[in-house]
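Q: Pasting the sequence and the predicted model now:
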Amino acid sequence: MSSPAVHVVDHPLVQHKLTLLRQKDRSTNSFRRLLHEISMLMAYEVTRDMPTQLIEIETPLARMTAPVIDGKKTVFVSVMRAGAGLLDGMLEVVPGARVGHVGLYRDPKTLVAVEYYFKMPHEMHERDAIVLDPMLATGNSAVAAVDRLKETGPKSIRYVCLLAAPEGLANFHAHHPDVPVYTAAVDERLDEHGYIVPGLGDAGDRLFGTK
């Protein structure tokens, strides 16, 4: 049996910007801009085998048949609230995609994900879903988000995060071995509070300037 797919996007530009993003003295504006840029770069890898369709066009010299992205079949699923940091960059690359939202918060005592919002486009059985959440830490939120998403019956699911912890990957693929994960880095471990180490802190707080 093959192991669950974990794709580390190790392009030098992604890794360079991730290093800058990790620095604790980054301003909110700088953090937001870097996350936006990284998500655009990661979109190229995540959508590498995105379905296309042929259309007829006319160049200045001749008519031809050429491929275009079938963007209406793609759904970016943003895990609120930090998923918004990845969503904007992805939409710049695939502006025709639909958008779904999953609202989850992590109980500070149990670390269990609690859902408070869920909204998806219609006819999910015709669509490829790409889940966006910067941090795959304990994996509890990721598992909960994909649990709910699978209830809508999408054609396929991919999970995109900025950082992942080994514990979170193991937990996630124990529940969803069929869902590939795309990440910019797999860090060392989780601390006693469920934060990724060395990580970059709380992505939502750094993105929105809250504590």
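A: Cool, the structure landed.
Q: and residue 103, how far is that from residue 147?
A: 14 Å (C-beta to C-beta, to the nearest Å). No exception for glycine: its C-beta is placed from N, CA and C like everyone else's.
Q: Which of these two has more residues huddled nearby?
A: Under the criterion of other C-beta atoms under 10 Å, the comparison of residue 103 against residue 147 puts residue 103 first, with 16 against 13.
Q: what helices or strands is the helix or strand where the more buried one lies leaning on?
A: Assessed by DSSP states H and E, residue 103 sits inside strand 98-106. In terms of contacts (3 or more C-beta pairs under 8 Å, 6 or more residues apart in numbering; DSSP states H and E), strand 98-106 is packed against strand 74-80, strand 113-119, helix 140-150.
Q: So which bits of that strand are buried?
A: For strand 98-106, burial by neighbour count (16 or more other C-beta atoms under 10 Å) applies to 98-104, 106.
Q: Just give the number of residues close to residue 68.
A: For residue 68, the count of nearby residues is 11 (other C-beta under 10 Å).
Q: what sits against the residue nearest to it when sequence neighbours are not counted?
A: Of all residues not flanking residue 68 in the chain, residue 55 sits nearest, at 5.5 Å (C-beta to C-beta, 6 or more residues apart in numbering). Neighbouring residues of residue 55 by C-beta atoms under 8 Å, 6 or more residues apart in numbering: 65-68.
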